[in-house]
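K.L.:
I would like to see how this sequence folds:
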Amino acid sequence: IACGGRAGAHTCLLDQTGRYDSPEYANVDFKPDFKVTSLAEVYSLLETNFELSP
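P.N.:
From the prediction side, this is the model:
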């Protein structure tokens, strides 16, 4: 997440278990732009938030 953010890329965290919802991760320096619980969610996230070209 940190490297992608620093490079100017949008970042997406795959958090299948909800691990990164815990309080210990609330005040981290780098947070993802998006968070999903499965890879199946990524395509709809992309369609909703970006203009995709065929």
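K.L.:
Show me the beta-bridge partners of the residue nearest the centre of the chain.
P.N.:
When the chain is reduced to its mean C-alpha position, the nearest residue by CA atoms, centre = their mean turns out to be C12, at 2.0 Å. In this structure, C12 bridges to F34 when assessed by DSSP bridges.
K.L.:
Pretty sure it sits against L45.
P.N.:
Yes: at 7.0 Å, C12 counts as touching L45 under the criterion of CB atoms under 8 Å. In this view, the C-beta of every residue, glycine as well, is placed from N, C-alpha and C.
K.L.:
and for those two, which residues touch both?
P.N.:
With contacts defined as CB atoms under 8 Å, 6 or more residues apart in numbering, the residues shared by C12 and L45 are 34, 36.
K.L.:
What are the boundaries of the helices in this protein?
P.N.:
2-6, 42-49 (DSSP state H).
K.L.:
Out of these, which is closest to V28?
P.N.:
V28 lies closest to helix 2-6 among the helices of the chain, at 9.2 Å (CB to CB).
K.L.:
coming back round to it: can you pull the pLDDT of the residue nearest to the centre of the chain?
P.N.:
What the model reports as pLDDT for C12 is 97.
K.L.:
what sits against it?
P.N.:
With contacts taken as CB under 8 Å, 6+ apart, C12 has the following neighbours: 32-36, 42, 45.
K.L.:
R19 now?
P.N.:
Y25.
K.L.:
burial of the closest residue to H10 other than its chain neighbours, as a residue count?
P.N.:
Excluding its sequence neighbours, the residue lying closest to H10 (CB to CB, 6 or more residues apart in numbering) is D33, at 4.7 Å. The number of residues packed around D33, counting by other CB atoms under 10 Å, is 14.
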